[in-house]
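J.: everything below, folded, please.
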Amino acid sequence: MSLIARISEQFDESARLARAASEALVGPIADAVDRLVSALANDRKILACGNGGSAGDAQHFVAALSGRFERERPELAAVSLVGNATLLTAIANDYRYEEVFSRQVRALGQAGDVLVAISTSGNSPNVLAAIAAAQDRGLQVVALTGKGGGSVPQLLRDDDVHLCVPHERTARIQEVHRLIIHCLCDGIDSALLGEQG
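T.: Residues are numbered from 1 along each chain as shown. From the prediction side, this is the model:
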């Protein structure tokens, strides 16, 4: 296969998955928007975590909320649990890497907040621990996964939302996670600011 053909196939596979994910996830994404908007409207906050590329997605999501997405609006209460290197390395060194997010959830999370937990495999131990800590503290969870969801579905409660991308390949899952995050941001803005003309 030529390089041009390989590149073209990347785009084609991504487009096919985006369509399949749309068919499977539009309703659950709307449910997630409702939970996020409810938290923000009740003076609660959004916490976000993930590893590697998912850490980047968590930071991107928080930046779009605390800064802006596509429209000007007041800043929204959102905290990335991945951005403080001193805190992450202190927790990992003094305890275990599996606790880098859960300890922050217990320190910062309050009933009514929402944890956005991102794991392409659904098996990241520190993300699973963060979900358990969030539920102990009375937070709702919006989980973004792929590969069948891994261990995440067993941890979620009825009022949590699971956005599982129907694919096995990490790169494709991450691409759809970024699209989901943009849908969440757009939905939040639409709920808070009204439809854009």
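J.: partners of the longest strand seen in the chain in the sheet?
T.: Criterion DSSP state E: the longest strand present in the chain is strand 140-146. Strand 140-146 has the following strand partners under DSSP bridges: strand 114-118 (parallel), strand 161-165 (parallel).
J.: now do the same for it: mean pLDDT, whole number.
T.: The average pLDDT within strand 140-146 is 98.
J.: now do stretch 152-171
T.: 97.
J.: what does that stretch contact?
T.: With CB atoms under 8 Å, 6 or more residues apart in numbering as the test, stretch 152-171 has contacts from 13, 17, 20-21, 24-25, 28-29, 31-32, 35, 53, 117, 119-123, 127-128, 131-132, 135, 140-149, 172-173, 176-177, 180. In short, each C-beta sits where N, CA and C put it, glycine included.
J.: mark which of these are part of helices, please.
T.: When DSSP state H is applied, those are split such that 13, 17, 20-21, 24-25, 28-29, 31-32, 35, 53, 127-128, 131-132, 135, 172-173, 176-177, 180 fall in helices.
J.: of those residues, keep whichever come out buried.
T.: The neighbour-count criterion (16 or more other CB atoms under 10 Å) marks 17, 21, 25, 29, 31-32, 35, 53, 127-128, 131, 135, 172-173, 176-177, 180 among these as buried.
J.: pLDDT weak spots in the chain?
T.: Along the chain, the model assigns pLDDT under 70 to residues 197.
J.: mind doing that once more with 90?
T.: Residues of the chain meeting the criterion pLDDT under 90: 1, 193-197.
J.: for the host helix or strand of A107, which helices and strands make contact with it?
T.: Using DSSP states H and E, the element containing A107 is helix 102-108. Here helix 102-108 touches strand 46-49, helix 85-94, helix 125-136, going by 3 or more CB pairs under 8 Å, 6 or more residues apart in numbering; DSSP states H and E.
J.: neighbouring strands - and their directions - for the first one?
T.: Strand 46-49 sits in its sheet next to strand 78-80 (parallel), strand 114-118 (parallel), going by DSSP bridges.
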